[in-house]
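Enquirer: following is a predicted model, sequence given first.
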Amino acid sequence: MSSIAERLSHYEKLMRLDKPIGILLLLWPTLWGLWIAGEGRPAGFVVAIFVMGTVLMRSAGCVINDYADRNFDGHVARTKHRPMATGAVSTKEALLLAAGLSLVAFLLILPLDPLVIWLSVPALFLAGSYPFTKRFFAIPQAYLGIAFGFGIPMAFAALQQSVPPVAWVMLIANVFWAIAYDTEYAMVDRPDDVKIGIRTSAITFGRFDVLAVMACYGIALGLMLAVGLQAGRGSIYVGGILAAAGIAVYHYSLIRHRDRGQCFKAFLHNNWIGGTVFAALALDYLVNPAGA
């Protein structure tokens, strides 16, 4: 019988709280949405709810992911020591943990506009179903981008009580960004994924994987530039987009030779792309609230 501390340690690893990159990749587009929807001044309590909800839902998503991949992770070098792959956490424990995290996240949004609550239904479905898309979809990373970006329309619903077209454009931008960074991630596991029959964008793109990653970065940042200009953002925001593009070019130098270690480094480095876009957006609103 393991101690409580050991159980909690296993749960922490199952929720990937020891690896916060996933939280950040989910948080940045949510913050983009909150700042655009709130015109640079989103209500503090709404931001707090979304930040906490992001942590909870990312954690729940990781648990469901490991539940879905419990029979595959043991055959992949990078994942063979995960708690469910080693048998340290049972399937029943995992499902109860995911349900509990989702319930707390749902309770958090109850004070918000009813539209947010309605949107939480497809958001939960996307988070719970994504891990299973790797069996069927050629580019499951696109599905991940929708799931990771659904905080954007929910942010607009919370602050504007509606979801305007710009929110969906931002969601599409996040889809392309997710394809870019998660293809880099999939390039790490490609040899193992081919053996076990998992479908990923890295396998689908084949020898055009690097080109596809760079094209997706370009589309994502181009759409976010258009969104910012439409919202009246100025030179600070444009500079931030250009800086993010420079980071993407740096990623090209990391992934061009398809070295697994360098590809994983590029994936982790996407935190700087998301953070740069947000910092530029927040600073532009701070310096020029009225816009162009």
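Expert: Perfect, I can see it now. Computed from a predicted structure; not experimentally measured. Numbering: from 1, shown residues only.

Enquirer: residues touching residue 117, list them.
Expert: Residue 117 makes contact with 109, 110, according to C-beta atoms under 8 Å, 6 or more residues apart in numbering. (Each C-beta comes from the backbone N, C-alpha and C, glycine too.)

Enquirer: helix, strand or coil for it?
Expert: Using DSSP: H, G, I helix; E, B strand; the rest coil, the structure places residue 117 in helix.

Enquirer: do residue 71 as well
Expert: Residue 71 is classified as coil under three-state DSSP.

Enquirer: look up how far residue 113 lies from residue 276.
Expert: Residue 276 is 30 Å from residue 113, where distance means C-beta to C-beta, to the nearest Å.

Enquirer: again with residue 178
Expert: Counting by C-beta to C-beta, the gap from residue 178 to residue 113 is 26 Å.

Enquirer: who has more neighbours out of the two?
Expert: The neighbour comparison of residue 178 against residue 113 (other C-beta atoms under 10 Å) goes to residue 178, with 27 against 18.

Enquirer: quick one: that one and residue 150 touch, right?
Expert: No. In this structure, residue 178 is not within contact of residue 150 by C-beta atoms under 8 Å, at 11.5 Å.

Enquirer: report the longest helix in the chain, please.
Expert: helix 165-196 (DSSP state H).

Enquirer: which stretches of the stretch 51-200 of the chain aren't confidently modelled?
Expert: Low-confidence segments of the stretch 51-200 of the chain (pLDDT under 70): 73-75, 77.

Enquirer: all helices of it, in order?
Expert: 83-86, 91-109, 114-133, 140-149, 151-160, 165-196 (DSSP state H, counting those that start in this stretch).

Enquirer: could you list every helix and strand in contact with the second one?
Expert: The reference is to helix 91-109. helix 4-14, helix 44-68, helix 114-133 (3 or more C-beta pairs under 8 Å, 6 or more residues apart in numbering; DSSP states H and E).

Enquirer: separation between residue 28 and residue 185?
Expert: For residue 28, the distance to residue 185 - C-beta to C-beta - is 16 Å.

Enquirer: whoops, residue 159 was the one
Expert: For residue 159, the distance to residue 185 - C-beta to C-beta - is 31 Å.

Enquirer: can you check residue 72 too?
Expert: 15 Å.

Enquirer: counting neighbours, what do you get for the nearest residue to residue 113 once chain neighbours are set aside?
Expert: Closest residue to residue 113 apart from its sequence neighbours, by C-beta to C-beta, 6 or more residues apart in numbering: residue 161 at 5.1 Å. A count of nearby residues for residue 161, using other C-beta under 10 Å, gives 12.

Enquirer: for residue 161, what are phi and psi?
Expert: phi 60, psi 20 (degrees, to the nearest 10).

Enquirer: cool, and residue 233?
Expert: According to degrees, to the nearest 10, residue 233 has phi -80, psi 150.

Enquirer: what sits against it?
Expert: Counted by C-beta under 8 Å, 6+ apart, residue 233 has contacts 281, 284, 285, 288, 291, 292.

Enquirer: out of the residues you listed, which end up buried?
Expert: 281, 284, 285, 288 (16 or more other C-beta atoms under 10 Å).

Enquirer: in a markdown table, list the helices and strands packed on helix 91-109 along with distance to residue 154.
Expert: Listed next are these as a markdown table, based on distance: least, C-beta to C-beta, whole Å:
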| stretch | distance to residue 154 |
| --- | --- |
| helix 4-14 | 25 |
| helix 44-68 | 8 |
| helix 114-133 | 5 |
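
Enquirer: from the ones you listed, which stretch is densest packed?
Expert: helix 44-68 (a mean of 21; mean count of other C-beta atoms under 10 Å).

Enquirer: what's the helix or strand for residue 211?
Expert: helix 209-230 (DSSP states H and E).

Enquirer: quick check: mean pLDDT of stretch 282-292?
Expert: Confidence for stretch 282-292, expressed as mean pLDDT, is 87.

Enquirer: which residues touch it?
Expert: Stretch 282-292 is contacted by residues 35, 39, 40, 41, 228, 231, 232, 233, 234, 236, 237, 240 when judged by C-beta under 8 Å, 6+ apart.

Enquirer: likewise for stretch 37-54?
Expert: 23, 26-27, 30-31, 34-35, 105, 108-109, 111-112, 151, 154-156, 158-160, 167, 231, 281-282, 284-286, 289.

Enquirer: from residue 267, how far out is residue 180?
Expert: 10 Å.

Enquirer: which one of the two has more residues nearby?
Expert: Neighbour count, other C-beta under 10 Å: between residue 180 and residue 267, residue 180 has more, with 29 against 23.
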